[in-house]
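Trainee: sequence and predicted structure are below.
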Amino acid sequence: MDRWFGASLALYATFVYKGLKTPIPGMDQDVSSGLDVRLHEFVTADGLTLRLKRYANPGAVPVLLTHGFGGNGFTMDLPRVGHNMAVYLARRGCDVWVSSFRGCGRAPYLSEGGDWSHSFDHLAIYDASALVDGITQETGRKVFWVGHSMGGIVLYMYLQGVRFAGDGHVVSDPALVRDRHDKLLGGATLGAATVLCWPYNDPSSVGMSSEFGRQLARSEVEILRIKEEVTPRVTGMGGPDGLPHRHPRLAMAITRSPFAAGAYNRVNTDKETTMCLARWGTDDVSTAMWVQRVYGVIDGHLTQYPSVPRGSLYDYAANIPLVSLPILFITGDHDHGPAIIKRYAYGCVSSEMKEFLQLPEYGHIDLLMGKHVERDVYPAISSWIEKVELASRARQ
């Protein structure tokens, strides 16, 4: 017995030793050699500074990249060859602006977070306006918006001309609807529906199909509302002191585990890129955003943050027909709900020019950094930008 125990211990120690000797996963690569990289700052109407990384091609179409929930601009700008949308578009002549919403990013591109009381509404009303207006003033051209997940949802919200009324309600201003459409050339969204979960009559809504599931969600809201009073910020995995930097091999094991299965299709990714994503692309969110997101799960659609009576909340999903911008809707058959994106985003906007693209074997985040994004995703966006620009010139 002692011999077997000793042999097992020696074998285990060998594996640990070999593991410690393997290279640290997801190490950075030089992807921007030869490109003109600049830092820009824009101030929101409520006084926060947003910092953007620009791959400058002055005179070309300005392309604004916006990230999803719990991420930052680096999800589209990973230091991994073949997995960087920003660099791909820049090398094909676009004037690329990589943004991070308030509180997100990495120095020197870290945007100010303020008191962390912000909701999705603040991103659409303040951040989106500052980003689009700033780029327009800097370049003198209409902006093309590319948004992943929440970044695409913020586009839908922004185009509805929303603003805060004096009583705390979010309202749609017809003048802002026209103005914001006029400032944008077009858009492309990836994995972005107009609902934060699936309607109760949809097969995907397993958790919300029972009163028990809905009660669990309501309990989560109550816990979050209490947390919101104490800690308005929910810390993510990344950051300079986060787990990927302190314990990279453990972080890599987590990114390849079943816990990450909801984020991307594992077979469509590799360990180096998912580790790089954990190190650079994960970020903090406000507790208020979590509250708004869970209410979206309960209601089946996105409404404004519940700072006013819930029966009078502005409904972003119901007002999606206000959107008429040319938009390419991209999803994957392993994404959270490709049929929902087609029905409640592509099918609901009033755009005369729109397309829907569903890619096989793609999940949610791997729409940005999957194994074959330079073959499947990035060229589709590049081609759509060219198509929209040609159509815009033809109308002039």
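Mentor: Perfect, thanks for sending it. Residues are numbered from 1 along each chain as shown.
Trainee: gap between the two ends of stretch 309-327?
Mentor: 33 Å (Cα to Cα, to the nearest Å).
Trainee: er, stretch 142-159 actually
Mentor: So stretch 142-159: terminal residues 14 Å apart, Cα to Cα.
Trainee: so for that stretch, mean pLDDT?
Mentor: Across stretch 142-159, the average pLDDT comes to 97.
Trainee: list the buried residues for it?
Mentor: In terms of neighbour count (16 or more other Cβ atoms under 10 Å), stretch 142-159 has its buried residues at 142-159. Every C-beta, even on glycine, is put in place using the N, C-alpha and C of the backbone.
Trainee: excluding its backbone neighbours, what's nearest residue 361?
Mentor: Nearest non-adjacent residue to residue 361, counting by Cβ to Cβ, 6 or more residues apart in numbering: residue 268, 5.2 Å away.
Trainee: any idea how far residue 362 is from that neighbour?
Mentor: Taking Cβ to Cβ, to the nearest Å as the measure, residue 268 falls 6 Å from residue 362.
Trainee: hmm, back to that, neighbours around the residue nearest to residue 361, how many?
Mentor: 22 (other Cβ atoms under 10 Å).
Trainee: which ones are touching it?
Mentor: By Cβ atoms under 8 Å, 6 or more residues apart in numbering, residue 268 lies in contact with 334, 361, 362, 363, 366, 370, 371, 372.
Trainee: between those, which has the least confident prediction?
Mentor: residue 334 (92).
Trainee: for the protein, which spans come out with low pLDDT?
Mentor: 1-23, 195-214 (pLDDT under 70).
Trainee: pull up the distance across stretch 76-92, start to finish.
Mentor: Calculated as Cα to Cα, the first-to-last residue distance of stretch 76-92 is 16 Å.
Trainee: and stretch 45-63, by the same measure?
Mentor: 22 Å.
Trainee: same thing with stretch 56-66?
Mentor: Per Cα to Cα, stretch 56-66 runs 17 Å from first to last residue.
Trainee: which residues does it contact?
Mentor: Against stretch 56-66 from outside (Cβ under 8 Å, 6+ apart): 35-38, 73, 76-77, 85-86, 89-90, 93-99, 101, 131-132, 135-136, 138-139, 141-148, 151-152, 154-155, 185, 385, 389.
Trainee: all strands for the chain, in order.
Mentor: 37-43, 49-55, 62-66, 95-98, 143-148, 162-164, 170-172, 184-190, 233-234, 285-286, 327-332, 354-359 (DSSP state E).
Trainee: sheet-wise, list the partners of the third one with their directions.
Mentor: This means strand 62-66. strand 95-98 (parallel), strand 143-148 (parallel) (DSSP bridges).
Trainee: and what of the last one?
Mentor: Paired strands of strand 354-359, with direction, are strand 327-332 (parallel) (DSSP bridges).
Trainee: same check on the second one?
Mentor: When sheet partners are counted by DSSP bridges, strand 49-55 sits next to strand 37-43 (antiparallel), strand 95-98 (antiparallel).
Trainee: would you reformat the ones you listed as CSV and include distance to residue 113?
Mentor: Converted to CSV, the strands paired with strand 49-55 look like this (distance: least, Cβ to Cβ, whole Å):
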stretch, distance to residue 113
strand 37-43, 14
strand 95-98, 18
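Trainee: pick the most buried one from those.
Mentor: Neighbour counts (mean count of other Cβ atoms under 10 Å) averaged over each of the strands paired with strand 49-55 peak at strand 95-98, with a mean of 28.
Trainee: helices along the stretch 251-396 of the chain, start to end?
Mentor: 271-280, 287-299, 338-341, 366-369, 373-376, 378-395 (DSSP state H, counting those that start in this stretch).
Trainee: with mean neighbour count and distance to residue 223 as extra columns, can I get those in a markdown table?
Mentor: Listed next are the helices of the stretch 251-396 of the chain as a markdown table, based on neighbours: other Cβ atoms under 10 Å; distance: least, Cβ to Cβ, whole Å:
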| stretch | mean neighbour count | distance to residue 223 |
| --- | --- | --- |
| helix 271-280 | 23 | 26 |
| helix 287-299 | 21 | 10 |
| helix 338-341 | 21 | 27 |
| helix 366-369 | 27 | 31 |
| helix 373-376 | 17 | 37 |
| helix 378-395 | 15 | 39 |
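Trainee: Serialize those helices to a markdown table and add fields for distance to residue 308.
Mentor: A markdown table is the format used below for the helices of the stretch 251-396 of the chain (distance: least, Cβ to Cβ, whole Å):
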| stretch | distance to residue 308 |
| --- | --- |
| helix 271-280 | 37 |
| helix 287-299 | 13 |
| helix 338-341 | 27 |
| helix 366-369 | 35 |
| helix 373-376 | 41 |
| helix 378-395 | 37 |
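Trainee: closest one to residue 254 among these?
Mentor: helix 271-280 (7.7 Å; Cβ to Cβ).
Trainee: for residue 40, what are its contacts?
Mentor: Residue 40 touches 51, 52, 54, 97, 134, 138, counting by Cβ under 8 Å, 6+ apart.
Trainee: now swap in residue 93 and tell me
Mentor: 57, 60.
Trainee: residue 177 now?
Mentor: Residues near residue 177 by Cβ under 8 Å, 6+ apart: 159, 160, 161, 322.
Trainee: now residue 222
Mentor: Taking Cβ under 8 Å, 6+ apart, one finds nothing in contact with residue 222.
Trainee: mind doing that once more with 10 Å?
Mentor: residue 291 (Cβ atoms under 10 Å, 6 or more residues apart in numbering).
Trainee: and it, how far is that from residue 229?
Mentor: 12 Å.
Trainee: distance to residue 194 for the contacts of residue 40 - can I get that in CSV?
Mentor: Listed next are these as CSV, based on distance: Cβ to Cβ, whole Å:
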residue, distance to residue 194
51, 29
52, 26
54, 30
97, 25
134, 26
138, 30
